[in-house]
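Undergrad: Fold the following and give me the result.
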Amino acid sequence: MEPITYFQAIDNRIEEHETTKEIYTQLKGEEGERIVKSILDQGLKLNYEYNLRLDIKNKVQIDFLVVDDEKIINLEIKHYHGDYYIVDNQMKNSYGNIFPKPFQQMRRAEYELQTSY
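TA: Residues are numbered from 1 along each chain as shown. Purely as a prediction, here's the structure:
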């Protein structure tokens, strides 16, 4: 049994603490990736790689790499709930929490792709 399947089965049966928050975040992230994958698969006829792992100079994981004749698009998927805004190149929610990680992950992945040539 995969860990995610196990955690889904025990969701709401264990006490909430830091580990369960991490599990919840991972589950929501995978749910968001499934949503995006279903959108990409809906007849858009896009060429893409899902959950791409590269080990060129450094290890990097890319959620979706969409490729066509004119461009390459790196999609870093997050599945947050609520209202979010981009302020000073940082993602913030309506409670004032800052989420810089998606931008850092995208920049790192793009750097790795550009320097691999």
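Undergrad: Low-confidence stretches in this structure?
TA: Within the chain, the stretches with pLDDT under 70 are 1-19, 79, 100-102, 116-117.
Undergrad: and with 90 instead?
TA: 1-36, 42-46, 51-63, 65, 67-117 (pLDDT under 90).
Undergrad: residues contacting the residue nearest in space to the middle of it?
TA: By Cα atoms, centre = their mean, the chain has its centre lying nearest to residue 77, at 3.0 Å. Shown in contact with residue 77 (Cβ atoms under 8 Å, 6 or more residues apart in numbering): 29, 32-33, 36, 63-64. All C-beta spots, glycine's among them, are computed from the backbone N, C-alpha and C.
Undergrad: Please repeat the previous calculation with a cut-off of 10 Å.
TA: Going by Cβ atoms under 10 Å, 6 or more residues apart in numbering, residue 77 touches 29-37, 50, 63-64, 102.
Undergrad: Repeat that for residue 109.
TA: Contacts of residue 109 (Cβ under 10 Å, 6+ apart): 52, 54, 60-63, 65, 74-76.
Undergrad: is it possible to export the residues you listed to JSON lines including secondary structure, distance to residue 108 and neighbour count?
TA: Shown next, in JSON lines, are the contacts of residue 109 (DSSP: H, G, I helix; E, B strand; the rest coil; distance: Cβ to Cβ, whole Å; neighbours: other Cβ atoms under 10 Å):
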{"residue": "52", "secondary structure": "strand", "distance to residue 108": "13", "neighbour count": "15"}
{"residue": "54", "secondary structure": "strand", "distance to residue 108": "11", "neighbour count": "15"}
{"residue": "60", "secondary structure": "strand", "distance to residue 108": "6", "neighbour count": "18"}
{"residue": "61", "secondary structure": "strand", "distance to residue 108": "10", "neighbour count": "12"}
{"residue": "62", "secondary structure": "strand", "distance to residue 108": "10", "neighbour count": "21"}
{"residue": "63", "secondary structure": "strand", "distance to residue 108": "13", "neighbour count": "22"}
{"residue": "65", "secondary structure": "strand", "distance to residue 108": "14", "neighbour count": "18"}
{"residue": "74", "secondary structure": "strand", "distance to residue 108": "10", "neighbour count": "16"}
{"residue": "75", "secondary structure": "strand", "distance to residue 108": "14", "neighbour count": "16"}
{"residue": "76", "secondary structure": "coil", "distance to residue 108": "10", "neighbour count": "18"}
